[in-house]
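[1] Next come a sequence and a model predicted from it.
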Amino acid sequence: MSATNIFVNVATADLERAKAFYTALGYGINPLFSDENAACIVVDENVYFMVLTREYFGTFTDKQVVDPATHAQVLTALSADSREEVDRIVEAGIAAGGSEPRPATDLGFMYSRDLEDPDGNILEFLHMVPEAVDQGPDAYLAEHPEAAPTTGA
């Protein structure tokens, strides 16, 4: 079976602002699939964000296009190689006009931070300990109780 490409389509009120935001995260733009209505953001060789003007996004559905600043339609999670990489990406996104709507989550086996783009589309960046991926979180935490999250008082 060949690799599957994933195209995540998101609406934007300001295409130029969105392009600046996503390139600040370290992603490229494929000019062959970008114009005044859309930008093809290259996350990696198999994952792309199609950032579409709200009007153009509306031509792909008969449903109401919601405002991502007030309604969550999808949470897109992307893995990172380390906790530091998660932090770097989120900090770059905040510096480029995004926002962090909630505190970081540290489950011991997984660390994640949410980032909203300037339109309010939600991206989650996470790093999971490779052993937890292989074993599952319960088995990993059973073998590594020191990694279990603690609750503060």
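    Yep, it's here.
[2] Touching the helix ranked longest in the chain from outside, list them.
    Determined from DSSP state H, the single longest helix within the chain is helix 83-95. Contact with helix 83-95 is made by 21, 24-26, 80, 100, 111-113, 115, 117, 123, 125-127, as judged by Cβ atoms under 8 Å, 6 or more residues apart in numbering. The C-beta positions use only the backbone N, C-alpha and C, and glycine is treated the same way.
[3] Can you tell me the SS state at residue 134?
    Under DSSP: H, G, I helix; E, B strand; the rest coil, the three-state class of residue 134 is helix.
[4] try residue 23
    When classified by three-state DSSP, residue 23 comes out as helix.
[5] Out of the contacts of helix 83-95, the closest to residue 149 would be?
    Nearest to residue 149 among those is residue 111, at 10.1 Å by Cβ to Cβ.
[6] so the closest one is in which element?
    strand 110-116 (DSSP states H and E).
[7] Please parse this structure into its domains.
    Following automatic domain parsing, one finds the domains of the chain at 1-60, 74-148.
[8] Indicate which one of the ones you listed is closest to residue 66.
    domain 1-60 (8.4 Å).
[9] related to what we said a few turns ago, who's in contact with the strand holding residue 111?
    By Cβ under 8 Å, 6+ apart, the list of residues contacting strand 110-116 from outside reads 68, 75, 77, 83, 86-87, 89-90, 93-94, 98-102, 104-105, 122-129, 132, 137.
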